[in-house]
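# Sharing a model that was predicted from the sequence below.
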Amino acid sequence: MAAASGRTGTFRLERVRVLVVDDSPVMRAVVKGYLRSTGFEIDEAGDVASALRLCDACDYDVVVSDVTMPGLDGLDLVHALDRRAVRPEVVLLTASSDLARESAQRGVSLVGHECLAKPPAAPDTVVLAVERALRKKRDRDRMTAS
């Protein structure tokens, strides 16, 4: 049984799967390092196409993704995942101050998706964002099952 605890509480789930998506191996390693102590099962992808293939093969609870990547980017990933019947919650990492404008121009709703500054300020920042995303996914899944 995986357990993750942070300042906001403790998750006790059979399996919590997190996918980290970033074209930078260094940033993937940083985010994975922040999450490693949580007990979450963590996979990684270096681009959106690889991330989508992994999401086809596995039901992730949370995806932590960079917004700016070559080719398909984090907004493309949000759009693709939001159309799925079974979908993970998404936490976005961005260094862009124009994210809201860009997402609106591309027709991608970021309502309900948490955005963190890149690089994350501290390990707790990422862990707490993932925990909030897990609570949101649990609530959404409960509502869907009702």
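Structure received.
# Strands of the protein, start to end?
Applying DSSP state E to the chain gives strands spanning 2-6, 9-13, 17-21, 41-45, 62-66, 89-94, 114-117.
# got a markdown table for those, with distance to residue 141 too?
Backbone N, C-alpha and C define where each C-beta goes, glycine included. Output for these, formatted as a markdown table (distance: least, C-beta to C-beta, whole Å):
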| stretch | distance to residue 141 |
| --- | --- |
| strand 2-6 | 17 |
| strand 9-13 | 12 |
| strand 17-21 | 14 |
| strand 41-45 | 18 |
| strand 62-66 | 13 |
| strand 89-94 | 10 |
| strand 114-117 | 18 |
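# Select, out of these, the one closest to residue 127.
The closest of the strands of the chain to residue 127 is strand 2-6. By C-beta to C-beta, the value is 4.8 Å.
# Which one of the strands of the chain has the poorest average confidence?
Lowest mean pLDDT within these: strand 2-6, a mean of 44.
# now the strands of the chain as CSV including distance to residue 127 and mean neighbour count?
Output for the strands of the chain, formatted as CSV (distance: least, C-beta to C-beta, whole Å; neighbours: other C-beta atoms under 10 Å):
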stretch, distance to residue 127, mean neighbour count
strand 2-6, 5, 16
strand 9-13, 11, 13
strand 17-21, 10, 24
strand 41-45, 12, 19
strand 62-66, 11, 27
strand 89-94, 11, 23
strand 114-117, 11, 16
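# how about these, which one is nearest residue 133?
That would be strand 89-94 among these, by C-beta to C-beta, at 3.7 Å.
# by contact count, what packs against that closest one?
If you count contacts as 3 or more C-beta pairs under 8 Å, 6 or more residues apart in numbering; DSSP states H and E, strand 89-94 packs onto strand 62-66, helix 74-82, strand 114-117, helix 123-145.
# ok, what's across the strand from the nearest residue to residue 137 once chain neighbours are set aside?
Among residues not flanking residue 137 along the chain, residue 89 sits closest, at 4.6 Å (C-beta to C-beta, 6 or more residues apart in numbering). In this entry, residue 89 is beta-bridged to residue 62, by DSSP bridges.
# Which residues are in contact with residue 89?
Residues counted as contacts of residue 89 (C-beta atoms under 8 Å, 6 or more residues apart in numbering) are 61-63, 113, 133-134, 136-137, 140.
# want to try a markdown table for the helices and strands packed on strand 89-94, with distance to residue 98 as columns?
Below are the helices and strands packed on strand 89-94 laid out as a markdown table (distance: least, C-beta to C-beta, whole Å):
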| stretch | distance to residue 98 |
| --- | --- |
| strand 62-66 | 15 |
| helix 74-82 | 12 |
| strand 114-117 | 12 |
| helix 123-145 | 21 |
